[in-house]
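> predicted model and sequence below, questions to follow.
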Amino acid sequence: MIWDADLYKTKHAFVFEYGNSLIGDWLQPQTGETILDLGCGTGELTAQLAATGAHVTGLDASPEMIATARRSFPEVTFEVGDATSFTLPQQFDAIFSNATLHWVREKEKAISRMHAQLKKGGRLIIEMGGKGNVDSILRTLDRVMQAKGYHYVPFWYFPSPGEYATLLENAGFRVERVHFFDRPTQLADAANGIIDWLEMFGSHFFANVPENDKQAILQQVQQELAPQVTRDGQLYADYVRLRVAAIKI
Ligand code: BEZ
């Protein structure tokens with residue numbers, strides 16, 4: 001998948017803005033410790049972590065995202081790497097990952113890599129989409145695609161707390177804290193927010209759909225869903241978050 005790093009930064013900045021409390025309340029970075037930011041995107045949170053005095057590496061599978069991150073934060077270390085197969089020369093005191101792991105369907109492989117790259121006693125602090133995440137968008141998309149003769153194929157991995165905690169335990173982590181919660185998320189554009197969101201994140205749904213039909217589907221999803229998810233003139237996506245803190249044992 002090719003990412004539009006500019007569109008990500010301008011219209012989808014909430015992805016990293018919401019990561020702030022994950023840093024302050026959950027990760028609590030310490031000066032001098034080593035931290036891997038897995039799925040760092042355009043590097044905003046990585047730079048924030050580095051500013052605390054930690055030695056931080058940002059890793060992302062997208063060369064476009066890493067190029068933008070390096071341009072924006074030349075003093076921070078960034079590497080291109082896939083969550084299921086990355087290897088880095090050192091083990092870390094902590095691995096932090098915000099809004100990435102739901103893209104990784106080979107979740108056991110990612111968990112195994114995270115375990116291998118952590119020091120014994122190291123912290124894993126993650127946030128991802130949880131069970132039911134963006135359900136109203138996906139159900140509407142499914143219905144509209146079917147009505148136009150296309151097949152909607154689920155893509156992301158949005159686990160329940162029990163499911164993900166069990167995977168972590170099976171891989172050698174002790175799960176210390178879990179928070180599963182609704183976080184309605186305001187979309188940047190009140191007129192076309194759902195279209196923009198699907199254009200940014202959902203291109204895989206349209207891999208075999210001609211551009212004209214894709215645009216018609218997007219318009220109809222926006223039209224059908226907007227009245228249900230508008231509050232005070234703003235559009236909200238029905239995000240469900242799963243946060244987990246675990247220790248490598
Ligand atoms: C999320 O952060 O929950 C998310 C972002 C993009 C696509 C799917 C889920």
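Nice, I can see it.

> give me the most central residue, this structure.
Here the mean C-alpha position of the chain is nearest to the C-alpha of Ala99 (CA atoms, centre = their mean), at a distance of 2.0 Å.

> surely that one touches Gly19?
Yes. Assessed by CB atoms under 8 Å, Ala99 is found in contact with Gly19 at 7.2 Å. Heads up, the C-betas are built off the backbone N, CA and C, glycines and all.

> which residues do these two both contact?
Glu127 (CB atoms under 8 Å, 6 or more residues apart in numbering).

> what parts of the protein come near the ligand?
Within the chain, the residues that sit near the ligand (CB under 6 Å from any ligand atom) are Ala99, His102, Gly129, Asn133, Val134, Trp156, Phe201, Tyr239.

> now intersect those with the strands, please.
Of the positions in those, Gly129 sit in strands, assigned by DSSP state E.

> PyMOL command to pick out the buried ones of the residues of the chain next to the ligand?
Those of these that count as buried under 16 or more other CB atoms under 10 Å are selected in PyMOL with:
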select buried, resi 99+102+129+133+134+156+201+239
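
> just the ones of the residues of the chain next to the ligand in helices?
Phe201 (DSSP state H).

> quick one, strands of this structure?
34-38, 55-60, 77-80, 92-98, 118-129, 173-182, 185-186, 230-231, 234-237, 240-248.

> just checking, what packs against the second one?
Under the contact criterion of 3 or more CB pairs under 8 Å, 6 or more residues apart in numbering; DSSP states H and E, strand 55-60 touches strand 34-38, helix 44-51, helix 63-72, strand 77-80.

> rewinding a little: the strands of the chain: which one's closest to Leu141?
strand 234-237 (12.3 Å; CB to CB).
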